[in-house]
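> any chance you could fold what I've pasted below:
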Amino acid sequence: MAGQCFPVPRLEGVSQEQFMEHLYPQRKPLVLEGIDLGTCTSKWTVDYLSQIGGRREVKIHVAAVAQMDFISKNFVYRTLPFGKLVQRASEEKHKEFFISEDEKYYLRSLGEDPRKDVADIRKQFPLLEGDIKFPKFFKEEQFFSSVFRISSPGLQLWTHYDVMDNFLIQVTGKKRVVLFSPRDAQYLYLSALWFHNVVSEEFGVGVNVFWKHLPSECYDKTDTYGNKDPTAASRAAQILDRALKTLAELPEEYRDFYARRMVLHIQDKAYSKNFE
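A predicted model of the protein is given here:
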């Protein structure tokens, strides 16, 4: 039921076989503990990352408040050398700043050319590649991207959903993640999949690994961020928009009646009976 809160299961020592055969088919969130992530969990300190990342320029979100809002765009885009970003993001107060001394920073790494290339930490930050191991829970040919994420303490990312399946590998720091079931979509003013809201309780460094759960042809080939809806869903939305424009030609009482029939038809034909 909408409004109820349940803890996400936390499992330790899950093997690839257990994950693929018993857990993944359930299509529900999990916290996996005790996974070998490599030496990054001990090496990725502020000083180490600042030194290794160096002067590579990165595009970042800068916000004067902790709650970033994608609708009102209450943030600005700025560029900093990676090492300087890490230093600033780890601070509560800044001697150097763009907006205010307590501004917040958020990095979502990009490909070399974001219009054509996906983010991949192994390509954009090759000196860090040897430090981190990705969980081998999907086939290599399914890999889509690995996104470097760095957040200031207290930063809250807007509520959103991911189109592709993914692991959030939280290497350092703590994040609080609130997830909403796809069945709660009608209450969130958006549509589809597992919505989530993320708060960085501490300075945090993580890598998001995305992979293609659906066949490659189901995704938009021009999508380098991995956030466009599957092509069939986009086509269906366009068809629905045309249908609603057609309904607008009718008087209000007819429009209301036939719109309700359409909703019932969608519920009968499209909603999953097995998803709980």
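> pLDDT wise, what is the residue positioned nearest the centre of the chain at?
When CA atoms, centre = their mean is applied to the chain, the residue found nearest the centroid is D162 (5.1 Å). We note a pLDDT of 91 for D162 in this prediction.
> and the helices in the chain?
Secondary structure of the chain (DSSP state H): helices at 16-18, 40-43, 46-53, 82-89, 121-124, 231-247, 252-269.
> any idea of the mean pLDDT for the longest one?
Averaged over helix 252-269, pLDDT sits at 92.
> how much space between the residue nearest to the centre of the chain and D184?
Separation of D162 from D184 (CB to CB, to the nearest Å): 16 Å. Where you see a C-beta, it was placed from the backbone N, CA and C, and this is true even at glycine.
> go ahead and confirm the residue nearest to the centre of the chain touches F210.
Yes: when contacts are counted by CB atoms under 8 Å, D162 is listed as touching F210 (7.2 Å).
> mutual contacts of these two, please.
Residues touching both D162 and F210 (CB atoms under 8 Å, 6 or more residues apart in numbering): G226.
> name every strand pairing with the lowest-mean-pLDDT helix or strand in the chain and say which way it goes.
When the helices and strands of the chain are scored by mean pLDDT, DSSP states H and E, strand 195-200 comes last with a mean of 84. Strand 195-200 sits in its sheet next to strand 156-161 (antiparallel), strand 175-180 (antiparallel), going by DSSP bridges.
> how about the first one: buried residues?
Right, the one you point to is strand 156-161. Within strand 156-161, the residues scored as buried using 16 or more other CB atoms under 10 Å are 156-157, 159, 161.
> ok, stretch 158-176 next?
159, 161, 163-173, 175.
> I'd like those written out as JSON lines, with distance to V14 added.
Converted to JSON lines, these look like this (distance: CB to CB, whole Å):
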{"residue": "T159", "distance to V14": "28"}
{"residue": "Y161", "distance to V14": "24"}
{"residue": "V163", "distance to V14": "24"}
{"residue": "M164", "distance to V14": "20"}
{"residue": "D165", "distance to V14": "16"}
{"residue": "N166", "distance to V14": "16"}
{"residue": "F167", "distance to V14": "12"}
{"residue": "L168", "distance to V14": "15"}
{"residue": "I169", "distance to V14": "14"}
{"residue": "Q170", "distance to V14": "16"}
{"residue": "V171", "distance to V14": "19"}
{"residue": "T172", "distance to V14": "22"}
{"residue": "G173", "distance to V14": "23"}
{"residue": "K175", "distance to V14": "20"}
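> and the chain, what are its domains?
Recorded structural domains for the chain (assignment: automatic domain parsing) are 37-218, 231-269.
> just name the most buried of these.
Here the criterion is mean neighbour count by mean count of other CB atoms under 10 Å, and of those the winner is domain 37-218, at a mean of 17.
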